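Undergrad: sequence and predicted structure are below.
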Amino acid sequence: MTKIINRITRLAAATLMCSLLATTGHAETMRFGVITTPDHSWSRLMQDFKQRVENTTSNDMRVRESRFAKVRGESSIIELMSKDRLQAAIVAVGSLTTLDPSLNGWLVPYQFKTLDSMRAAAANTQAIAMRDGLEQHNMVVLGYVFPGMRVILTAEPLTTAELKGKRIGTFPNDVFYNWYRQLGADPQPIHLQDIREGFVKGSIDAVDIDLASTLDLELHQQANHLMLTRHMAFPGVFVVSKSWWESLSEANRQSIRQSFIAAEAATAKGLASREKNTLKALANKGMKITEYTEADFNGVPKKLRDFYYGTNTRLREFGLASE
């Protein structure tokens, strides 16, 4: 009798193990890429999204961050998406403008002044057309995401006029380059992880950045003068691999859509208060903060808006609808 019971016990254990393996085998894994620092709004959004998806797909989907994508940067993320080796990502529109130049409309200096105006612009006809156009590159855009506005961090106190001749670390994008050239500065493309070294080695005098990254990277140790310009929006898009997306069940697609919508709304809701807290934290660390407006840039923002409106019909229509 004991031998029979043992055999039944072993059989039951084996059956349970097979069941677990089968369940695991059918689990869908979504690997995502995002290059921002841990406390950045995009990183927080992705963690919120991860929890929502895993809690609403009956345990048949797991969401994991790709460390490889974070280290290699957004150009690698775009390549991995095109080859269907990454399922989801947040990518800055500035990295996608070579695929669709009209996306530069988001980056024109002082095009937007508030988060609400940016979120409203995301729903206009041209913004939706920009999203749809990325499908030919194996990317389905589920929506736009917004961090805080761009600011300028400097190693020594500078006015807007004194930016002339200075080496400014910038995001590698045409609008950024033209903005600083019009100000008489020398734009230097730089990756987020290289900013601290750039200040230490003296290869840059200032950097174009957002507040959250400034705090996360503790850049006050190298450059403790903040020009609170809020001169440029810097949205991203939440994208999924088109071929992977089309392979999912409708239930999983709906779960992913709703999880993104909820995570984006929650992130946007807390962004203004987080910016205030970040400014306070930077001031407490000794950061010298001076506020500037469009009027301090001697007509350059309007000059660039007029220029970019003339380069692309969709960009112009998007810009005019957003004013």
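TA: Good, I have the coordinates.
Undergrad: so what's residue 94 closest to, chain neighbours aside?
TA: Excluding the flanking residues, the one nearest residue 94 by C-beta to C-beta, 6 or more residues apart in numbering is residue 173, at 4.0 Å. The way it works is simple: take the backbone N, C-alpha and C, and place the C-beta from them, glycine included.
Undergrad: ok, that neighbour touching residue 101?
TA: No. Residue 173 lies out of contact with residue 101 (C-beta atoms under 8 Å); the separation is 10.9 Å.
Undergrad: mind checking which of the two has more residues around it?
TA: residue 173 (22 against 16; other C-beta atoms under 10 Å).
Undergrad: report the contact partners of the residue nearest to residue 94.
TA: Neighbouring residues of residue 173 by C-beta atoms under 8 Å, 6 or more residues apart in numbering: 94-95, 97, 104, 107.
Undergrad: what about stretch 300-307, distance to the chain center?
TA: 25 Å (C-alpha atoms, centre = their mean, to the nearest Å).
Undergrad: who touches that stretch?
TA: Contacts for stretch 300-307 (C-beta under 8 Å, 6+ apart): 108-111, 175, 178-179, 182-183, 231, 294, 319.
Undergrad: how far does stretch 181-199 stretch from start to finish?
TA: End-to-end distance for stretch 181-199: 20 Å, by C-alpha to C-alpha, to the nearest Å.
Undergrad: check which residues of it are buried.
TA: Neighbour-count burial for stretch 181-199, counted by 16 or more other C-beta atoms under 10 Å, picks out 182-183, 185-188, 190, 192, 195-196, 198-199.
Undergrad: from these, which is closest to residue 65?
TA: Nearest to residue 65 among the buried residues of stretch 181-199: residue 192, at 16.1 Å, using C-beta to C-beta.
Undergrad: didn't that closest one look like it was pressed against residue 210?
TA: No. Taking C-beta under 8 Å as the definition, residue 192 is not a contact partner of residue 210, at 10.0 Å.
Undergrad: all helices of the stretch 201-323 of the chain, in order?
TA: 211-216, 242-247, 250-284, 300-309, 313-322 (DSSP state H, counting those that start in this stretch).
Undergrad: out of those, nearest to residue 124?
TA: Among the helices of the stretch 201-323 of the chain, the nearest to residue 124 by C-beta to C-beta is helix 313-322 (4.9 Å).
Undergrad: buried sites along the closest one?
TA: 314-319, 322.
Undergrad: equivalent analysis for stretch 279-299, please.
TA: Of the residues in stretch 279-299, 279, 282, 287, 292, 294, 296-297 count as buried by neighbour count, 16+ other C-beta under 10 Å.
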